[in-house]
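Novice: just the structure for this:
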Amino acid sequence: MTLKQTMTVLDILDSGYVSGEQVKGLFNDYPEVSVTVQKVLGEKGSTDFIKIVVPGTDGKSKGGHTPTFGIIGRLGGIGARPSRIGIVSDADGAVAAVAAALKLADMQTKGDRLKGDVIVTTHICPDAPTRPHEPVDFMDSPVDIGTMNKHEIVPEMEAILSIDTTKGNRVINHKGIAISPTVKEGYILRVSDDLLRIMEMATGQLPVTFPITMQDITPYGNDLYHINSILQPAVATDAPVVGVAVTAQSAVPGCGTGASHEVDIAAAVRFSIEVAKEMTNGTCEFYDKAEFARITELYGSMKILQTSGGTAAR
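Specialist: This is a model prediction of the structure:
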């Protein structure tokens, strides 16, 4: 069950006064869980980056050898005050990430410990700016994407789920969650069969995926269209990244309020928890390693797509 944690986190984040320290307080009853908060100033305000480490029984934080899993809650801000009142649709990624960490922490107290470490990162900003985007306005952020990646991408993460509200488009016509193909080192790889299997189990429905383009996996700031920032973590790591989109049938602006659906967010949390269990247990692969080696042998590196391009791309 993940709805309880989702509701708890939604209640905390739906406030004009919320801070990273308040979120950190949710973990006071879990002494084994490490939580750090760092306030970062940007040109358009400030935000609190939060990093939560839930240690595994054989996790590398304790000298073990089990792979480390990463969950990133990607967003511009959880609120757009003063222009919008209340929590915005864009907050879903932060809610899901923190709720996943809270569920994992609670599981430990009940004897259900994962083998590997799970690192959860996101940021907390109740008064982020907005910016125009087609077909609906986007949430902006007080800090740039490079700063986000610096604080949210942790080198220890060996596979990453990036959770982001992805409702401001006309290419996903499904309410719930959807996953992207795996992105690694500039390559868009095929959708992981393991993740499809886990998604079927976690949702009780046929799996839903969403299309991404070459533009989507390039860094922001290059004047190319991006569906949103869901795959921006892939430009800053060699680890495989999969986007977990919280979706809607209609086009909903990221700055829209009253548009966060608890059950859909809880589905993203439940999926992330199940992936964390299997990835750290060695029963879930984000990509086929032999096939990735073959494609790079045939076509070379595509890491240029992780850069801003320019003359190096010609």
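Novice: tell me the mean pLDDT for stretch 208-228?
Specialist: Stretch 208-228 carries an average pLDDT of 95.
Novice: what are the ranges of the strands in the protein?
Specialist: Here the chain has its strands, by DSSP state E, at 34-42, 45-54, 69-73, 118-124, 130-131, 138-139, 159-165, 176-179, 183-184, 187-188, 241-247.
Novice: hey, C-alpha coordinates of stretch 207-216 in CSV?
Specialist: C-alpha atoms of stretch 207-216 as CSV (Å, rounded to 0.1, in the frame of the first residue of the first chain):
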residue,chain,number,x,y,z
PRO,A,207,1.5,-1.4,-19.5
VAL,A,208,1.4,2.1,-21.0
THR,A,209,4.5,3.6,-22.6
PHE,A,210,5.1,7.1,-24.1
PRO,A,211,7.1,8.2,-27.1
ILE,A,212,10.2,10.3,-26.8
THR,A,213,12.4,11.9,-29.4
MET,A,214,16.0,12.8,-29.9
GLN,A,215,15.2,16.4,-28.8
ASP,A,216,13.8,15.1,-25.5
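Novice: what's the pLDDT at residue 311?
Specialist: 50.
Novice: just to revisit the earlier point, just send the strands of the chain back as CSV, with distance to residue 307 too.
Specialist: Just so you know, the C-beta spots here come from the backbone N, C-alpha and C atoms, and that holds for glycine as well. Listed next are the strands of the chain as CSV, based on distance: least, Cβ to Cβ, whole Å:
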stretch, distance to residue 307
strand 34-42, 22
strand 45-54, 24
strand 69-73, 20
strand 118-124, 23
strand 130-131, 23
strand 138-139, 23
strand 159-165, 19
strand 176-179, 26
strand 183-184, 15
strand 187-188, 14
strand 241-247, 16
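Novice: adding mean neighbour count, distance to residue 203 and mean pLDDT, write these out as JSON lines.
Specialist: Formatted as JSON lines, the strands of the chain follow (neighbours: other Cβ atoms under 10 Å; distance: least, Cβ to Cβ, whole Å; pLDDT from 0 to 100):
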{"stretch": "strand 34-42", "mean neighbour count": "15", "distance to residue 203": "29", "mean pLDDT": "96"}
{"stretch": "strand 45-54", "mean neighbour count": "23", "distance to residue 203": "23", "mean pLDDT": "97"}
{"stretch": "strand 69-73", "mean neighbour count": "29", "distance to residue 203": "17", "mean pLDDT": "98"}
{"stretch": "strand 118-124", "mean neighbour count": "29", "distance to residue 203": "21", "mean pLDDT": "98"}
{"stretch": "strand 130-131", "mean neighbour count": "16", "distance to residue 203": "31", "mean pLDDT": "84"}
{"stretch": "strand 138-139", "mean neighbour count": "24", "distance to residue 203": "26", "mean pLDDT": "81"}
{"stretch": "strand 159-165", "mean neighbour count": "28", "distance to residue 203": "15", "mean pLDDT": "98"}
{"stretch": "strand 176-179", "mean neighbour count": "22", "distance to residue 203": "7", "mean pLDDT": "98"}
{"stretch": "strand 183-184", "mean neighbour count": "26", "distance to residue 203": "22", "mean pLDDT": "98"}
{"stretch": "strand 187-188", "mean neighbour count": "20", "distance to residue 203": "23", "mean pLDDT": "98"}
{"stretch": "strand 241-247", "mean neighbour count": "28", "distance to residue 203": "12", "mean pLDDT": "98"}
